[in-house]
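Trainee: Predicted model follows, preceded by the sequence.
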Amino acid sequence: MNILFFSHQADFIYGGEICSLEVMRLLKKKHKVIFAGPAGLYSEAARKIVPTYEVPTIQFSRNWKIVLPLLLAWIKSLIVLKQIIAQEKIEILHCTSLKAMVYARYLPLLSNIKIVWHHYDILPANAQNHRWLCWLSRTADLILTPSLAAKNALIESGIPEQQIQVVYNGFSLQSKIKKVSYTPAEKIKLVMVGEVSERKGVDRLKPILNFLSHEQQLQMQIDIYGSALSNPIYADQVQNDLAPWITQEIVNFKGRRENIGEILPNYDCLILLSRQDPLPTVIIEAFFAGIPVLATNVGGVPEMVISGKNGFICKHEADFAEQIEAFLQDRTPLQKLGQEARHTAVEKFSAQQMVSSLETAYHSLAIPS
């Protein structure tokens with residue numbers, strides 16, 4: 001098969017992009033794989049793996065004064081995509097984002113290809129989003145979601161169930177299991193990963209800390225990795241709220257890092273406080289690193305975290321505090337939970353599993369090998 005991966009993403013590489021890069025690396029062993037997208041970090045990373053074309057993308061706007069220039073730029077990008085498809089004899093266009101799917105919306109009128117839309121998100125349930133998703137879905141021959149939760153959200157939007165398949169995200173098997181031995185004086189090291197935003201629920205950390213005594217807090221180190229660029233006002237407020245713990249170096253904001261998979265083995269447990277998340281890829285990274293997870297019950301989390309086996313799903317801030325307190329009293333369960341987490345990752349969330357699921361999805365479109 002000849003497959004073109006197309007994304008609008010330029011300057012950020014999140015979990016979905018990391019998975020796509022790994023999938024392209026594995027798929028190219030059996031298929032012709034091409035990448036197209038705007039110039040930026042993501043394209044640079046893809047270029048190291050597969051042949052890459054630059055396709056400029058636009059920032060959508062409702063400002064009527066720039067509608068015509070935007071339309072002309074969109075048509076130009078569409079023509080570039082058509083040329084790539086013809087030149088490389090592309091059979092499947094794999095759109096890895098919602099905005100990429102907007103570009104692909106009218107390509108079937110210009111090219112005889114199959115369109116796969118990999119929809120990684122769960123949009124808020126409202127009439128406008130339902131109309132938007134249904135409009136885009138009319139072009140897609142197949143829609144892929146990273147979780148059953150994301151699939152069900154699309155079905156609720158009115159998209160036929162038979163048009164949707166679940167393909168869990170996957171990572172390579174290169175992470176190492178951490179070997180640790182605890183001493184009574186050692187602090188428990190907790191980590192949070194993700195953009196500092198309301199969606200990721202970083203503000204929930206303060207009430208969790210307030211449930212714990214000061215003596216317990218001093219036995220903890222909580223490092224937060226993530227960018228604050230999406231909502232700097234929110235990020236400033238969160239840091240102000242956490243100032244007493246930042247001063248005591250109980251909480252540390254570390255900024256954005258690209259090598260999270262290498263950092264995670266240094267920690268005892270991942271804390272995920274998201275309010276919305278279709279399938280948090282950082283949980284998969286944590287599992288491969290051999291560390292358990294405490295997470296909110298959102299999106300695809302219940303498809304990943306099994307309470308008491310590889311972590312715990314917590315309903316409220318008090319539940320997080322209660323579980324952290326239990327770990328402070330006895331840290332030995334962390335090692336067994338971590339081993340089970342690693343087993344879950346290998347069995348369910350490997351890049352090889354993701355590639356196998358993708359190939360099955362591609363073949364369902366009746367494309368010959």
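Mentor: On my side now, so go ahead. Numbers count the residues shown, from 1 in each chain.
Trainee: contacting residues for Ile143?
Mentor: Residues near Ile143 by CB atoms under 8 Å, 6 or more residues apart in numbering: Val116, Trp117, His118, His119, Ser137, Leu154, Ile159, Gln163, Ile164, Gln165. For every residue, glycine as well, the C-beta is placed using N, CA and C.
Trainee: where in the protein is pLDDT low?
Mentor: For the chain, applying pLDDT under 70 flags the ranges 58-70, 173-185, 367-369.
Trainee: Domain ranges for it, per the record?
Mentor: 2-172+350-363, 188-348 (automatic domain parsing).
Trainee: Endpoints of the first one, how far apart?
Mentor: I take that to be domain 2-172+350-363. One end of domain 2-172+350-363 to the other measures 12 Å (CA to CA, to the nearest Å).
Trainee: cool, the last one as well?
Mentor: Length of domain 188-348, first residue to last, CA to CA: 28 Å.
Trainee: need the helices for the stretch 151-300 of the chain, in chain order.
Mentor: 205-210, 214-217, 232-241, 243-247, 260-263, 281-288 (DSSP state H, counting those that start in this stretch).
Trainee: can I get those helices in a markdown table with mean neighbour count and distance to Ser97?
Mentor: Shown next, in a markdown table, are the helices of the stretch 151-300 of the chain (neighbours: other CB atoms under 10 Å; distance: least, CB to CB, whole Å):
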| stretch | mean neighbour count | distance to Ser97 |
| --- | --- | --- |
| helix 205-210 | 18 | 29 |
| helix 214-217 | 13 | 40 |
| helix 232-241 | 15 | 23 |
| helix 243-247 | 13 | 35 |
| helix 260-263 | 18 | 21 |
| helix 281-288 | 28 | 15 |
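Trainee: can you redo those as TSV with distance to Ala73?
Mentor: Shown next, in TSV, are the helices of the stretch 151-300 of the chain (distance: least, CB to CB, whole Å):
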stretch	distance to Ala73
helix 205-210	42
helix 214-217	52
helix 232-241	28
helix 243-247	44
helix 260-263	34
helix 281-288	31
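Trainee: Pull out the buried positions in the lengthiest helix in the chain.
Mentor: For the chain, the helix that runs over the most residues, judged by DSSP state H, is helix 67-87. With burial defined by 16 or more other CB atoms under 10 Å, the residues of helix 67-87 counted as buried are Trp74, Ser77, Leu78, Val80, Leu81, Lys82, Ile84, Ile85.
Trainee: What strand or helix carries the nearest residue to Cys95 once chain neighbours are set aside?
Mentor: Excluding the flanking residues, the one nearest Cys95 by CB to CB, 6 or more residues apart in numbering is Met101, at 4.5 Å. Using DSSP states H and E, the element containing Met101 is helix 98-104.
Trainee: Pull out the buried residues from that helix.
Mentor: Buried-residue list, helix 98-104, by 16+ other CB under 10 Å: Leu98, Ala100, Met101, Val102, Tyr103, Ala104.
Trainee: ok, so of these, who is nearest Ile222?
Mentor: Lowest distance from Ile222 to the buried residues of helix 98-104 (CB to CB) belongs to Leu98, with 32.8 Å.
Trainee: correct me, but that closest one touches Trp135?
Mentor: No. Leu98 is beyond contact range of Trp135, at 11.3 Å (criterion: CB atoms under 8 Å).
Trainee: For Pro51, which residues are in contact?
Mentor: Per CB under 8 Å, 6+ apart, neighbours of Pro51: Ile34, Phe35.
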